[in-house]
Structures are given as C-alpha cells and as structure tokens.
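Student: Here is a sequence with its predicted model. Questions after.
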Amino acid sequence: MGESMKDYERELEASFRKINEGDVISGTVIGVSEEEVTLDLKYYTQGIIKAADMSEDPGFSLKEDVKVGDVVEATVVRMDDGQGNILLSKKEATAVLAWDVLTGYMEEKKNLEVQVSEVVKAGVVAFLEGVRGFIPASHLSLSYVEDLEPFKGKKLTVRVITVDKEKQKLVLSAKEVLREQEKEAHDHKVAMLVPGTILEGTVESLQTYGAFVDLSDGLSGLVHISQISEKRIKKPSEVLKVGDKVKVKVLNTRDGKISLSMKAVQEGQEAQEQERADVGSYSSKESVGTSLGDLFAKLDIHV
C-alpha cells in the first residue's frame, strides 16, 4: 500500500512538471498505428509522434520497428497538436542525442548490426541510431569490392570509425570487424601448433634476415637465417629459392607469429642416421661376438 501511494505521488508530481517546446523527453509506447505512435509521458496528456517524424531511415516501419512498451526519446515540437496531445519528433531528438551515442560506440569499438539501405557512389548507406551512415567500398570487405549491388538489403556487422556532428558525417566499417575476426582465427590456429612438430612448407619469400615459409591453411612462419643451414651462410638465397619445398620444425609460437627451423630438422635427421648407424654397428659386433663364442664353445680346449 505504501509503495502504491509513493508511485501515485511520483506520477502526480510528474504530471505537474513543466514541459516546453524544444525539450527532449522520454515516454513509453502505448499505441502504434500506420500513421503515428502514442506515448505515455506520465503527464496530464499523451505524446504523439507522426510516422514521418520517427526516422530518416527509408527502411523504417512503425509496425515492425516499434512495439508497445518501448521507451522512446523525442523532442517536443508543439504543446498541442490540435487534439490536446503533445506533438513530438523522434527525428529531432536523434539529431541531438544520437551523435553522443555514436561517439560512445566509436570509443568502445562496439560491434553493431546494420542493414544496407541503398547503394551510392563509392559505397553503401546504412542507418545507425537513426543517422545516415556511409560505408566506403574499401570497408565492406577485407578486399576491395567492385560490384556493390549484392550488398543492398544485406545485414552487416560494423564499427563506427568516424563521427562528425558538425558536418553530420558518420562513417562505418565492416572491414574492421572482419579483420579482427580473421586475426582471432589466425592466432587460434597458431596457438594450436605444438613446438617440436615437423611440417612441410613452401618458401614464399626471401629476406636478408631469413625465409618465410607457407605452411598452408593461411599460416606462414619465419626461418631465421641462423636456422636455415648447419653451415654458416651470408644470405638465404645461397641455399634457398622461392618455391622450394622444405621441411621445418616449429620452434615456438609467440604473439601470433611462428618461428621455424630447417637446421633442427637436419640435425634431427643426422642424429637418427647416427643412431641407426650405432645400432647397426652394435648388431654387427654382437654378431661377431656370438660367432666367436660359438666357435670357442665348439673347440675342445683344455688348459
């Protein structure tokens, strides 16, 4: 009973608050039609937002995008719409409030889903927080996109990369998100490589400090010049050329980078060959020994 009384007192106090034209106020949606949205403002009268004053987004639909119970912020356009209601505009409120929200998105590098509404020169358009945003063709994918038409109506995950309230400029990027996802996938693959593993790869480039080897599956690693050969070399091109197939040993994986060694593979092979040679030599001696033993056993020697 006490809480109900407090709620009543708060609503009564709110109903007497002063609302002026130009104020940005919030209300709860209590009705949606094709022409307008009705808001409960906790005031002596209701708020009305006409369909044309809801959003700049051409793909916006009152019936689909607004639901009873939604909380909407809007600017007071007129205190009386002729029917005793307060006339409001969400578009005007967006023009005031959205830029701060968009700046926040940019600062926190938040991933956001948008839908491409139209194709324009050198890019596409998508609305975010009711503001028209531009996605350059160079930011639609990891590689430059020539044909933009397939992107019309497509949903993309983007980040805000430019916010300029004064110039009413909003630039979005899907590439930023894709690049980060690609890096995460790459780093995961690298982390799965076990040091000591021997792999086959192809020399993809030679530098003064070493050779980069393509390990396939989007991975490549560096064989430092000191790890190319057992003999001392001045430059990788002395023993390698681009396109060579090589065996390498994974030394370590740090910060998403793979350190490889050809020398370790060579040393391992030599060690195995030496081991086989030692085993062969031992077997040979054992055979001789056994033969001599047999021979002595057959001899009837008396001291």
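Tutor: Perfect, I can see it now.
Student: for the protein, what spans make up the helices?
Tutor: 2-15, 62-65, 90-107, 175-192, 263-298 (DSSP state H).
Student: could you say what helices and strands the third one packs with?
Tutor: If contacts are counted by 3 or more CB pairs under 8 Å, 6 or more residues apart in numbering; DSSP states H and E, helix 90-107 sits against strand 24-32, strand 71-78, strand 131-136, strand 155-164. In short, each C-beta sits where N, CA and C put it, glycine included.
Student: could you give the mean pLDDT of the last one?
Tutor: In this model, strand 155-164 has an average pLDDT of 96.
Student: Report the residue spans of this protein with pLDDT below the cut-off.
Tutor: 1-17, 268, 270-303 (pLDDT under 70).
Student: Name the residues linked to residue 216 by a beta bridge.
Tutor: residue 219 (DSSP bridges).
Student: That one and residue 204 touch, don't they?
Tutor: No - with contact defined as CB atoms under 8 Å, residue 216 and residue 204 do not form a contacting pair (10.8 Å).
Student: When those two are compared, which one has more neighbours?
Tutor: residue 204 (14 against 10; other CB atoms under 10 Å).
Student: Any figure for the gap between the more buried one and residue 214?
Tutor: Shown here: residue 204 relative to residue 214, a distance of 4 Å by CB to CB, to the nearest Å.
Student: where do the contact lists of the two overlap?
Tutor: Counting by CB atoms under 8 Å, 6 or more residues apart in numbering, the shared contacts of residue 204 and residue 214 are residue 220.
Student: Which residues are in contact with residue 243?
Tutor: 202-203.
Student: for residue 267, same thing?
Tutor: Counting by CB under 8 Å, 6+ apart, residue 267 touches residue 230.
Student: how far away is it from residue 235?
Tutor: 21 Å.
Student: What's the local residue count around residue 261?
Tutor: If we define neighbours as other CB under 10 Å, then residue 261 has 21 of them.
Student: wait, doesn't it sit right on residue 251?
Tutor: Yes - using CB under 8 Å, residue 261 makes contact with residue 251 at a distance of 5.2 Å.
Student: Residues in contact with both of those two, list them for me.
Tutor: Residues touching both residue 261 and residue 251 (CB under 8 Å, 6+ apart) are residue 227.
Student: Not counting residues beside it along the chain, what's closest to residue 221?
Tutor: Counting by CB to CB, 6 or more residues apart in numbering, residue 221 lies nearest to residue 258, which is 3.2 Å off, once chain neighbours are set aside.
Student: Could you do residue 242 as well?
Tutor: Nearest residue to residue 242 in three dimensions, chain neighbours excluded: residue 203, at 5.5 Å (CB to CB, 6+ apart).
Student: beta partners of the one you found?
Tutor: According to DSSP bridges, beta-bridge pairing links residue 203 with residue 213.
Student: ditto for residue 36
Tutor: residue 50.
Student: Check whether it really touches residue 52, as I assumed.
Tutor: No - with contact defined as CB under 8 Å, residue 36 and residue 52 do not form a contacting pair (9.5 Å).
Student: Looking only at neighbour counts, state which of those two leads.
Tutor: residue 36 (20 against 10).
Student: so who does the more buried one touch?
Tutor: So residue 36 contacts 48-51, 62 (CB under 8 Å, 6+ apart).
Student: Give me the neighbour count for residue 65.
Tutor: Neighbour tally, residue 65, other CB under 10 Å: 13.
Student: I'd like to know how far the residue nearest to it when sequence neighbours are not counted sits from residue 176.
Tutor: Of all residues not flanking residue 65 in the chain, residue 55 sits nearest, at 7.8 Å (CB to CB, 6+ apart). Using CB to CB, we find residue 55 at a distance of 25 Å from residue 176.
Student: And those two? Which one has more around it.
Tutor: Neighbours per residue (other CB under 10 Å) separate residue 55 from residue 176, with residue 55 holding more: 20 against 17.
Student: ok, the more buried one touching residue 131?
Tutor: No - taking contacts as CB under 8 Å, residue 55 lies outside contact range of residue 131: 9.8 Å.
Student: shared neighbours of these two, which are they?
Tutor: By CB under 8 Å, 6+ apart, residue 55 and residue 131 have these common neighbours: residue 94.
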